[in-house]
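S.K.: Quick one: sequence plus predicted model below, questions after.
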Amino acid sequence: MNDKSKAILSINPDAQFTTTDGVIEWLDGTAEISEADIEAKIVELDNAEANAITEKENLKASAKAKLISGEALTEEEANTIVL
């Protein structure tokens, strides 16, 4: 699924559409979503994904530092290192 499709479904999970070469065809009476709204949602989803990755990396770093110093880990930190 491409970014545009993910954004559309994030805005309207029931949307029915097809895309061909970046052109959206709305199906079955699905209300059209503006290109600006779709692009804004793509940016929002990209930022959320980047933030989630950064948060996980920070938790791992915190867990490692605490393990090295002998401190107790939070459950969230422990979950990042459980195999």
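M.R.: That came in fine, so what should we check first?

S.K.: Residue nearest the middle of this protein, spatially speaking?
M.R.: Glu49 (3.9 Å; C-alpha atoms, centre = their mean).

S.K.: Please enumerate the helices of the protein.
M.R.: 3-11, 35-69, 75-81 (DSSP state H).

S.K.: of the ones you listed, which approaches Trp26 most closely?
M.R.: When the helices of the chain are compared by C-beta to C-beta, helix 3-11 sits nearest Trp26, at 9.5 Å. (Each C-beta comes from the backbone N, C-alpha and C, glycine too.)

S.K.: what comes up buried for the closest one?
M.R.: If you call a residue buried by 16 or more other C-beta atoms under 10 Å, then helix 3-11 has these buried ones: Lys4, Ala7, Ile8.

S.K.: tell me the mean pLDDT for stretch 14-26?
M.R.: The predicted model assigns stretch 14-26 a mean pLDDT of 93.

S.K.: now stretch 58-76, how far from the centre of its chain.
M.R.: Mean-position distance between stretch 58-76 and its chain equals 25 Å (C-alpha atoms, centre = their mean, to the nearest Å).

S.K.: In this structure, where is pLDDT below threshold?
M.R.: Low-confidence segments of the chain, defined by pLDDT under 70: 82-83.

S.K.: Noted, bye for now.
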